[in-house]
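Chemist: Build me a structure from this.
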Amino acid sequence: MLRLSSSLARLRVMNQFTRELTQELLVIRARDVTEGIAAVLAVRSHKTVVLDLTSMDNAQAQRTADFVSGGVQAVDGEEHRIGEHVFLFTPAGVQVTLN
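Modeler: Numbering: from 1, shown residues only. As a prediction, the model looks like this:
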């Protein structure tokens, strides 16, 4: 399990064969609805975002998820639920396989 001490963390994803930096993954542990804006802006900037809404009450988490989902869809991105109140948002062109 990934534990973060701050609400925002950046992970650089490296191609295992070429050692080149291929994509930036942003992990956001949102504490209020306004932090959803950072997720939308990151996806718009072609970054993949893991949005953890577990620190919010259910109504606030739902509102934030709806806002980010709409913003990401507006830029042709995709949403994937990876846990209860945890979502993966990807920009257009990023392929995700969840098992």
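Chemist: count of neighbours near T54?
Modeler: Neighbours of T54 under the rule other C-beta atoms under 10 Å: 11. Placement of C-beta: from N, CA and C, glycine included.
Chemist: Let me fix that, I meant to ask about G83.
Modeler: Neighbour tally, G83, other C-beta under 10 Å: 11.
Chemist: Grab the most central residue of the protein for me.
Modeler: Nearest to the mean C-alpha position of the chain, by C-alpha atoms, centre = their mean, lies V49 at 2.2 Å.
Chemist: Please name the bridge partners of that residue.
Modeler: Note on V49: beta-bridge partners by DSSP bridges are L26, F89.
Chemist: R31 and V50, how far apart?
Modeler: Using C-beta to C-beta, to the nearest Å, we find R31 at a distance of 15 Å from V50.
Chemist: Looking at those two, which has the bigger crowd around it?
Modeler: Per other C-beta under 10 Å, whichever of R31 and V50 has more neighbours is V50, with 21 against 13.
Chemist: wait, that one sits on I28?
Modeler: Yes. V50 is within contact range of I28, at 7.2 Å (criterion: C-beta atoms under 8 Å).
Chemist: is it fair to say D76 lies in a strand?
Modeler: No. According to DSSP: H, G, I helix; E, B strand; the rest coil, D76 belongs to no strand; its state is coil.
Chemist: Neighbours of it, how many?
Modeler: Burial of D76 is recorded as 10 neighbouring residues (other C-beta under 10 Å).
Chemist: same deal with T90?
Modeler: Neighbourhood size, T90 [other C-beta under 10 Å]: 20.
Chemist: list the contacts for it?
Modeler: 43, 48-49, 77-78, 80, 96 (C-beta atoms under 8 Å, 6 or more residues apart in numbering).
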